[in-house]
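Q: here you go, sequence then predicted model.
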Amino acid sequence: MKLKFQWLGLSRAIHPAGNKHTANQSIVPLTGFKEVSIPLDMQVGPGCKPTVAKGDHVNIGDKIGEPLGPWSVPVHASVSGKVTKIEKQILSDGGKAEYVTIESDGKNTVSEALAPPVVTDKESFLKAVRDAGLVGLGGAAFPTHIKLNPPPDKNVDTLIVNAAECEPYITTDHRIALDYADDVIYGALVTAHWCGIDTVIIGTEDNKKDAARSLEEAVKRAKEGECNAFWPKNGVTAKVLPTSYPTGAEKVLIALLTDRVVPEGGLPADVGVIVQNITTLCVLAQNLKTGMPLVKKAITLDGGAVKKPGNYEVPIGAPIRDVIECAGGTVSEPAKIIMGGPMMGVAVDDITRPILKNNNAILIFDEKEAKLPKESACISCGRCLRACPMRLQPMKLDKAARAINPNELEELHVMNCIECGSCTYVCPAKRYLVQNIRNGKAYVRAEAQAAKENAKKGDSN
Ligand code: SF4
Ligand code: SF4
């Protein structure tokens, strides 16, 4: 029993400062962008090929990228104006992708072709989800239509609505729960209905009791209103969990809400669960009502160097530099810019990088906040071990990654690391654990890829 309790993450949680400074600020649309550069690869899996050419005029919602395979989702114009460039550029993760640059005409004209999709069964529902360009908006960027369509033998019976938002600073999901609760619940109910799921569980944390109340009230309205037609067999339950990190990580959330443990290397569907982020469900609901695909993203803008921290809705592809300017600029020289939260986000090397579909925050730290403590030698205290929600051995993974030893990394189950950063957070020696472990995962992937290519060569010889 004790082991199970520990696996559920309850004894392995950490409690970083929440810094949810913007929780009381509704999402405000930002306008005035002169240009957007939209990457055609913003998801897990292959991206898109352009469907527009230099000189074309596009309106908001027009398709500009056609999927390259069954896993891909289309990409749409986020402003109206003229396509001025289509070229390969670097992505924030170091990869390369084709970008479509659109010079805004300032009119924000919406495509006349947009109309609510006709959904009559699971197939047409999944097509609508895909056509909307939806990927996991909590940060994972996993294509939503794939996630909602696991093999039938997985027997998925539970949909979890992830409203935990455990990353410090980020409050967009919180605002979505407060300001768009009806859309979230509608999105959850239709998803469960068309995917044949009988149970819906909403997971929030107790530092967002108002969000939990708002969602519960929306559930009541849905039951008494038209949405009753989509009511799942076992109903909708809202659960408020103790605030801790990383409660919002899929595997941890599933364990906390259902007592089910996703096996190593497995997916939530392996234990009969699909997890959807609250904002993904909100955008899905709005698409079903209006036909508008995913073209804008709500982000939290915060950090000591930001003049007006807040929650802003920005066109996908807007350069970070312009987002900062449109939101009022900075009060001091930015020393570090992070896409995402401080625990799992990535540092941005270039301020002109665009807002992506899965971005949920831009943090602009001043020099004091950005200062990284100096690493010292591991003192074998075991704190990282006790903090790891996946029961890994971070100090050993760190050592194997520094030694570029893919075999040992695999033996230590490096691919089970969810990159939550808890180990780094608790380490008194300030070791760069998660950074090295992330590299370690890349070494294992590279080794597997090389083995695959060698096997292919062997076959053709
Ligand atoms: S980053 Fe990986 S190794 Fe470190 S605590 Fe999180 S899951 Fe464990
Ligand atoms: S927490 Fe840091 S010092 Fe302690 S065992 Fe882990 S890596 Fe070593």
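A: Sure thing, it's come through. Ligands and ions are numbered 1, 2, ... in the order given.
Q: following the lowest-mean-pLDDT helix or strand in the chain, which helix or strand comes up?
A: Least confident helix or strand, the chain: helix 2-7 with a mean of 41, by mean pLDDT, DSSP states H and E. For helix 2-7, the succeeding helix or strand toward the C-terminus, using DSSP states H and E, is strand 27-29.
Q: and the residue nearest the centre of the chain, helix, strand or coil?
A: Nearest to the mean C-alpha position of the chain, by Cα atoms, centre = their mean, lies Gly139 at 1.4 Å. The three-state label given to Gly139 by DSSP: H, G, I helix; E, B strand; the rest coil is coil.
Q: okay, it and Asp173: tell me how far apart.
A: Here Gly139 is placed at a distance of 11 Å from Asp173 (Cβ to Cβ, to the nearest Å). Bear in mind the C-beta positions are built from the backbone N, C-alpha and C, glycine included.
Q: so what sits against both of those two?
A: Asn360 (Cβ atoms under 8 Å, 6 or more residues apart in numbering).
Q: up against ligand 1, what does the stretch 251-400 of the chain have?
A: Within the stretch 251-400 of the chain, the residues that sit near ligand 1 (Cβ under 6 Å from any ligand atom) are Ala387, Cys388, Met390, Leu392, Pro394, Leu397.
Q: what about the residue of the stretch 1-150 of the chain found nearest ligand 1, how many neighbours?
A: Relative to ligand 1, the nearest point of the stretch 1-150 of the chain is Arg12 (8.3 Å; Cβ to the nearest ligand atom). A count of neighbours around Arg12, defined by other Cβ atoms under 10 Å, yields 20.
Q: run through the residues that contact it.
A: Neighbour list for Arg12: Gln6, Arg386, Ala387, Cys388, Pro389, Arg391, Ser422 [criterion: Cβ under 8 Å, 6+ apart].
Q: closest to Ile160 among the residues you listed?
A: Pro389 (16.4 Å; Cβ to Cβ).
Q: before we move on, which element is that closest one in?
A: Pro389 belongs to no helix or strand, assigned by DSSP H and E.
Q: right, and it touches Cys423 too?
A: No. Counting by Cβ atoms under 8 Å, Pro389 stays clear of Cys423, with 9.8 Å between them.
Q: so for the contacts of Arg12, which is the shakiest by pLDDT?
A: Sorting those by pLDDT puts Gln6 at the bottom of the list (43).
Q: what segments of the stretch 201-350 of the chain are strands?
A: Ranges of strands in the stretch 201-350 of the chain, per DSSP state E, counting those that start in this stretch, are 236-241, 273-277, 296-302, 310-315, 336-339, 346-347.
Q: want to try TSV for the ones you listed, with distance to Leu257, mean neighbour count and mean pLDDT as columns?
A: Output for the strands of the stretch 201-350 of the chain, formatted as TSV (distance: least, Cβ to Cβ, whole Å; neighbours: other Cβ atoms under 10 Å; pLDDT from 0 to 100):
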stretch	distance to Leu257	mean neighbour count	mean pLDDT
strand 236-241	6	18	96
strand 273-277	9	26	97
strand 296-302	24	26	97
strand 310-315	26	23	98
strand 336-339	28	21	94
strand 346-347	28	13	89
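Q: make JSON lines out of the ones you listed and add distance to Val75.
A: Below are these laid out as JSON lines (distance: least, Cβ to Cβ, whole Å):
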{"stretch": "strand 236-241", "distance to Val75": "33"}
{"stretch": "strand 273-277", "distance to Val75": "19"}
{"stretch": "strand 296-302", "distance to Val75": "13"}
{"stretch": "strand 310-315", "distance to Val75": "12"}
{"stretch": "strand 336-339", "distance to Val75": "18"}
{"stretch": "strand 346-347", "distance to Val75": "21"}
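Q: and the ones you listed: which comes nearest Arg260?
A: Closest of these to Arg260 is strand 273-277, at 6.5 Å (criterion: Cβ to Cβ).
Q: get me the contact residues on the stretch 351-461 of the chain for ligand 2.
A: Near ligand 2, when you scan the stretch 351-461 of the chain using Cβ under 6 Å from any ligand atom, you find 378-384, 394-395, 426-429, 431, 433.
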